[in-house]
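[1] Provided below for reference: sequence and predicted model.
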Amino acid sequence: MTTEFPQIIPAGVMTQEFRTPDTVRRGIIAGVVGNMLEWYDFALFGFFASQIGAHFFPATNPTASLLAAYGTFAAGFLMRPIGGALLARLHDSGTSAITIDMPGAAAHPAAMLRLIGDFAEERDWITCAQDIHERGLHPAMLAYTVGEAGDPIALADLGQPEWDRIITRNLRGVYLACKHLFPLMRRPSATALLSTMLAGWDARADLAALSASSGGVLALAQSLALSGAPLGVRVNTVCCPAPLPADETIRRRALGRIPLGRATSPADVADAMMFLLSDDASYLTGSSLIVDGGQSLQSWSNAPDLPYSEL
């Protein structure tokens with residue numbers, strides 16, 4: 001005899017799970033167990049935080065040592081997909097994170113401490129730096145993942161307020177973040193900045209402000225690498241592709257020209273940042289890591305007539 005179960009998923013939704021009450025029950029149990037393990041992880045870290053602080057972050061003040069165990073990373077997160085992916089990677093590695101967000105931005109659940117400030121205002125960076133200092137925190141890493149692209153628009157139609165907004169967030173924010181956070185960082189430490197291939201490996205007529213700010217970030221990073229070296233701070237940049245065109249036909253053609261066959265994902269950029277922030281990159285500073293699936297290797301002379309997937 002065949003038993004008919006009522007539909008428990010919306011019509012039109014394609015899924016291979018939760019088709020019967022038994023599978024729903026198993027899914028709920030798995031979710032509960034996973035959540036328990038996740039909170040056990042947090043509890044275990046909290047229980048041993050004082051020992052971690054004493055052994056890995058020795059200080060004359062035990063409270064400062066304890067706080068340092070919780071605050072080993074400072075970051076500015078505006079480009080949420082990349083910032084969120086990086087926070088997830090840091091959380092998985094056991095690294096606590098301080099996030100500095102623009103007003104109104106959604107909080108990330110993995111953040112140990114969340115600060116709010118306008119990246120374009122020096123007074124906000126001063127306030128954030130003072131807050132971190134007063135808590136006795138000395139971050140080991142700084143990631144600036146702001147990447148404001150703006151809407152694709154011809155230069156003749158690009159207004160000065162929009163130009164100023166993109167340049168300010170992408171470029172002035174890097175300058176202010178490094179100026180006020182470098183003195184707080186542990187030695188040695190690492191900084192990863194975000195730029196795009198428009199800094200010199202690609203060109204777009206409809207993204208003039210992003211192009212200018214990307215080139216500025218790259219040049220500034222090289223200057224910061226020199227000024228940060230005596231402080232024990234490495235500075236490197238991850239360059240990712242500019243946003244793909246909105247037109248679906250052009251978008252498909254652009255994706256077909258990428259040698260590795262897909263667009264760069266936030267996880268790809270986050271993984272590159274994790275490498276540059278890690279001890280594996282301890283002898284790298286002033287470098288740029290291109291994460292584009294081979295897109296920047298293209299030229300008019302070597303671009304195939306067909307997408308790579310059809311060759």
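    That came through fine.

[2] ok, the spatially closest residue to Tyr175 that is not a sequence neighbour - how many residues close by?
    Leaving aside its chain neighbours, Tyr175 sits nearest to Leu220 (6.5 Å; criterion: CB to CB, 6 or more residues apart in numbering). Quick note: C-beta positions are derived from backbone N, CA and C, even for glycine. By the criterion of other CB atoms under 10 Å, Leu220 has 20 neighbours.

[3] quickly note the distance from Leu220 to Ile82.
    Distance of Leu220 to Ile82, computed by CB to CB, to the nearest Å: 19 Å.

[4] what pairs with Ser189 across the strands?
    Beta-bridge pairing for Ser189 (DSSP bridges): Val233.

[5] span of stretch 150-167 from start to end?
    Using CA to CA, to the nearest Å, the end-to-end distance of stretch 150-167 comes to 10 Å.

[6] one more: stretch 187-201?
    Termini of stretch 187-201 sit 33 Å apart (CA to CA).

[7] quick one: average confidence on stretch 174-181?
    For stretch 174-181, mean pLDDT is 92.

[8] the stretch 151-300 of the chain: strands as residue ranges?
    Ranges of strands in the stretch 151-300 of the chain, per DSSP state E, counting those that start in this stretch, are 189-196, 233-240, 288-290.

[9] now the ones you listed in TSV, with mean neighbour count?
    Shown next, in TSV, are the strands of the stretch 151-300 of the chain (neighbours: other CB atoms under 10 Å):
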stretch	mean neighbour count
strand 189-196	26
strand 233-240	25
strand 288-290	19
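
[10] what ranges in this protein fall below the confidence cut-off?
    Scanning the chain for pLDDT under 70 picks out 1-80, 300-311.

[11] domains in it, by residue range?
    Domain ranges of the chain: 20-61, 71-310, per automatic domain parsing.

[12] okay, those, which one's buried deepest?
    Greatest average neighbour count among the domains of the chain goes to domain 71-310 (a mean of 18), per mean count of other CB atoms under 10 Å.

[13] next, report how far it is displaced from the centre of its chain.
    Remark: domain 71-310 is offset 6 Å from the chain centroid, using CA atoms, centre = their mean, to the nearest Å.

[14] is it true that Leu193 touches Leu171?
    No - in terms of CB atoms under 8 Å, Leu193 does not count as a neighbour of Leu171; the distance is 10.3 Å.

[15] give the residues shared as contacts by the two.
    Shared contacts of Leu193 and Leu171, defined by CB atoms under 8 Å, 6 or more residues apart in numbering, are found at Val217.

[16] my guess is Leu207 meets Gly150, correct?
    Yes - counting by CB under 8 Å, Leu207 does reach Gly150; the two are 7.2 Å apart.

[17] redo the strands of the stretch 151-300 of the chain as TSV? Include distance to Arg114.
    Putting the strands of the stretch 151-300 of the chain into TSV (distance: least, CB to CB, whole Å) gives the following:
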stretch	distance to Arg114
strand 189-196	20
strand 233-240	23
strand 288-290	28
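
[18] out of those strands, nearest to Gly215?
    Of all those, strand 189-196 sits nearest to Gly215, with 8.1 Å by CB to CB.

[19] secondary structure element for the residue nearest the centre of the chain?
    Geometric centre of the chain, nearest residue: Gly83, 3.1 Å, by CA atoms, centre = their mean. Element membership for Gly83, per DSSP states H and E: helix 80-92.

[20] all the helices of this protein, in order from the start?
    Applying DSSP state H to the chain gives helices spanning 21-47, 49-56, 62-70, 80-92, 122-134, 160-167, 173-181, 208-228, 248-256, 266-277.
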